[in-house]
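**Q** Just need the structure, nothing else, for what follows:
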Amino acid sequence: MNNMAITPKGLKMLLAGVLVMVAGYILMTGPAPVRETFNYDMFDWRRMIAAPLTIVCGIVVIVIAIMGGNSKGEDK
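**A** Predicted coordinates:
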């Protein structure tokens, strides 16, 4: 008769999703741009594709953790 809105497994998944999102934001970082020159590194594959996909995966894990519900199959 656990009345918690999120289970311990869901909480672990929630924290894992947050860590995946933080990893995505770290992938997106880079050196500060110099105003006089155009920096092509801002269009790197890591920043344009890998980082946003990692962040979206983290959001999906968080949504699954929140919406997953009770794993015991109880409707209460």
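**Q** Return the distance of the helix or strand of the chain with the lowest mean pLDDT from the chain's centre.
**A** Ranked by mean pLDDT, DSSP states H and E, the weakest helix or strand in the chain is helix 45, scoring a mean of 90. How far helix 45 lies from its chain's middle: 18 Å, per Cα atoms, centre = their mean, to the nearest Å.
**Q** what helices or strands is the helix or strand just after that helix leaning on?
**A** Using DSSP states H and E, the helix or strand that follows helix 45 in sequence is helix 51-67. If contacts are counted by 3 or more Cβ pairs under 8 Å, 6 or more residues apart in numbering; DSSP states H and E, helix 51-67 sits against helix 8-28. Placement of C-beta: from N, CA and C, glycine included.
**Q** The helix it packs on packs against which elements?
**A** Using 3+ Cβ pairs under 8 Å, 6+ apart: helix 8-28 touches helix 51-67.
**Q** and the angle from the helix it packs on to helix 8-28?
**A** For helix 51-67 against helix 8-28, the angle by axes from the mean of the first three to the mean of the last three Cα atoms, to 10 degrees is 170 degrees.
**Q** Just the C-alphas of helix 51-67, formatted as PDB.
**A** Taking C-alpha atoms only, helix 51-67 is exported to PDB below (Å, rounded to 0.1, in the frame of the first residue of the first chain):
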ATOM      1  CA  ALA A  51      23.800  16.700 -28.600                       C
ATOM      2  CA  PRO A  52      20.100  17.400 -29.500                       C
ATOM      3  CA  LEU A  53      19.400  13.600 -29.900                       C
ATOM      4  CA  THR A  54      21.000  12.900 -26.500                       C
ATOM      5  CA  ILE A  55      18.800  15.600 -24.900                       C
ATOM      6  CA  VAL A  56      15.700  14.200 -26.600                       C
ATOM      7  CA  CYS A  57      16.600  10.700 -25.400                       C
ATOM      8  CA  GLY A  58      16.900  12.100 -21.800                       C
ATOM      9  CA  ILE A  59      13.500  13.700 -22.100                       C
ATOM     10  CA  VAL A  60      12.000  10.400 -23.300                       C
ATOM     11  CA  VAL A  61      13.500   8.600 -20.300                       C
ATOM     12  CA  ILE A  62      12.100  11.200 -18.000                       C
ATOM     13  CA  VAL A  63       8.600  10.900 -19.500                       C
ATOM     14  CA  ILE A  64       8.700   7.100 -19.300                       C
ATOM     15  CA  ALA A  65       9.800   7.400 -15.600                       C
ATOM     16  CA  ILE A  66       6.900   9.700 -14.800                       C
ATOM     17  CA  MET A  67       4.200   8.000 -16.900                       C
END
